[in-house]
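Q: Here is a sequence together with a model predicted from it:
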Amino acid sequence: MIGDGAGETDTIAVLVVDDQELVRGGLRRILRRRDGFVVTECSDGDEVPAAVAAQRPDVVLMDLRMKRVGGIDATERLRAGEQAPPVLVLTTFDDDHLLSGALRAGAAGFILKDSPAEDLIRAVRTVAGGDSWLDPSVTGRVLSTYRSARPAATRRDDHLNELTARELDVLTLIGRGRVNTEIAAELGISEVTVKSHVGHIFGKLGLRDRSAAIVFAFDHGVVAPGESAD
C-alpha cells in the first residue's frame, strides 16, 4: 500500500482471483487506478502463491468456486505463510457453509458479488486497512453455521476474564462489525487508543486478526448473531 493508511488517497494493490474472465474484467472496471487501485489477476487458486510473491498485494479478492483449487483451500494455504495479505472472499453463492469455511481458513471477511460497487470499494479499502468486512445480509447465518461446525469452546473462555471493561467494550463492537473509527466515536476515545485496546485483546485471547475476533465474540456469547449486522 502506498500512503499512510487505507484512506481514499492511498494506492491499494489488489490481487483478483477468479476463474471467470468477465468477472475479473468487471472488477477491474470497479477498482480503477484513478480511484487509487492497482489490480492484478489470477484465474485459479493454484496461481495465488506465485502471484502474491511477485505482486505483494495489500488485499486478495478471492472467489470461492474455481476449477483447480477453490478459494477456501487457497486462503488457508496463503494465510499459513508469513506476512500474508488479508483475503476478502467474493462469491455469488449465498452458501453459509462455504462462507463459514472461508472464515475458518482465515479470510478477513466476505462480500457477495451482487453487492453494489460502492460496497465493494469500501470492503476492499476496509480490509486493506486491517479491518474486517462481513456482508450484513448473511453474517448472522454464516456465524451460526461456523459455530455449529466448531468444537466446544476451549480454555480461551477463561481469558475473557483478563480483559478490562474497556477492552470488553471494544471486543463487543468488533463483534458487531465496527471498524476502529466507528469504535472510537461510539466510546468517545481516540482511534489510537482503540488500536491499543485491539492489540491487547488479540494478545490476551490469542487471536490473529479481526475476523477471528468477530468469530470469537460471537462464539463466546459476547455478541448475539443479530447484533453483528446492526
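A: All right, it came through fine. Numbers count the residues shown, from 1 in each chain.
Q: can I see the domain layout of this protein?
A: Domains of the chain are assigned by automatic domain parsing as 12-145, 153-224.
Q: Burial-wise, tell me which of the ones you listed comes out on top.
A: By mean neighbour count, with neighbours taken as mean count of other Cβ atoms under 10 Å, domain 12-145 ranks first of the domains of the chain at a mean of 19. Glycine gets a C-beta too; all of them are placed from N, C-alpha and C.
Q: Work out the gap between that domain and the centre of the chain.
A: Its chain's C-alpha centre and that of domain 12-145 lie 9 Å apart, by Cα atoms, centre = their mean, to the nearest Å.
Q: same question for the longest helix seen in the chain, mean pLDDT?
A: Looking across the chain with DSSP state H, the single longest helix is helix 191-205. Mean per-residue pLDDT for helix 191-205: 93.
Q: my read: residue 178 touches residue 184, true?
A: No. Applying Cβ atoms under 8 Å as the test, residue 178 and residue 184 come out as separate, 9.4 Å apart.
Q: circling back: what's the first helix or strand after the longest helix of the chain?
A: helix 210-219 (DSSP states H and E).
Q: Quick one: list the elements packing against the longest helix of the chain.
A: helix 156-159, helix 165-175, helix 180-187, helix 210-219 (3 or more Cβ pairs under 8 Å, 6 or more residues apart in numbering; DSSP states H and E).
Q: Report the angle between the third one and helix 210-219.
A: Inter-element angle recorded for helix 180-187 and helix 210-219: 40 degrees (by axes from the mean of the first three to the mean of the last three Cα atoms, to 10 degrees).
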